[in-house]
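Student: need a structure here:
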Amino acid sequence: MAGRLTKVARSLIEANRSPGMKALDLRGSADLLCVNMMCEKVGEPCICRLSRVLEANGSELRSLNLSGNKLTQLPGAVFELPHLQILDLSGNMLQEIPEDVLKLQSLKVLDVTNNPLTGVPKRVARAFYGATEIRWDGSK
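Tutor: Numbers count the residues shown, from 1 in each chain. From the prediction side, this is the model:
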């Protein structure tokens, strides 16, 4: 019995070359640091390039790992991924879970452990109750 192999893109360059990719693993990735010398965020975590890649090649994405990148926000493109089932945002600097996460109708696992969150919004908790596993450690 042979399982289907899924290629995992591990950089934004690889993701750019992978239309129809199913998994993108950017845990602790230098790809998410801003390199635009004209930007106020140069050298800091930045979502601009990630947003462009997701808009271009993310339509079939099932798993997105953005853990350990010190992100303080997420690009809107993350919430426009119709097939996304696993979203790992652990180990970042997110202070809230955006309610836009409710657009992710296929989501099965949302990991927000090790973020300075104040809580999970009631609307999100209610909508995902029983259908989506929310991993949150109450860290602040």
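
Student: After the longest helix along the chain, which helix or strand is next?
Tutor: The single longest helix within the chain, with elements called by DSSP state H, is helix 48-57. Next along the chain after helix 48-57, taking DSSP states H and E as the criterion, comes strand 63-65.

Student: contacts for that next one?
Tutor: Applying CB atoms under 8 Å, 6 or more residues apart in numbering, the external contacts of strand 63-65 come out as 8, 22-27, 78, 81, 84-88. All C-beta spots, glycine's among them, are computed from the backbone N, C-alpha and C.

Student: Who does it pair with, and is each partner parallel or antiparallel?
Tutor: According to DSSP bridges, strand 63-65 forms sheet pairs with strand 23-25 (parallel), strand 86-88 (parallel).

Student: Turn those strands into JSON lines, columns for distance to K108, mean neighbour count and mean pLDDT.
Tutor: Putting the strands paired with strand 63-65 into JSON lines (distance: least, CB to CB, whole Å; neighbours: other CB atoms under 10 Å; pLDDT from 0 to 100) gives the following:
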{"stretch": "strand 23-25", "distance to K108": "14", "mean neighbour count": "21", "mean pLDDT": "98"}
{"stretch": "strand 86-88", "distance to K108": "7", "mean neighbour count": "20", "mean pLDDT": "98"}
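
Student: Could you export those as CSV, including distance to D111?
Tutor: Formatted as CSV, the strands paired with strand 63-65 follow (distance: least, CB to CB, whole Å):
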stretch, distance to D111
strand 23-25, 13
strand 86-88, 5
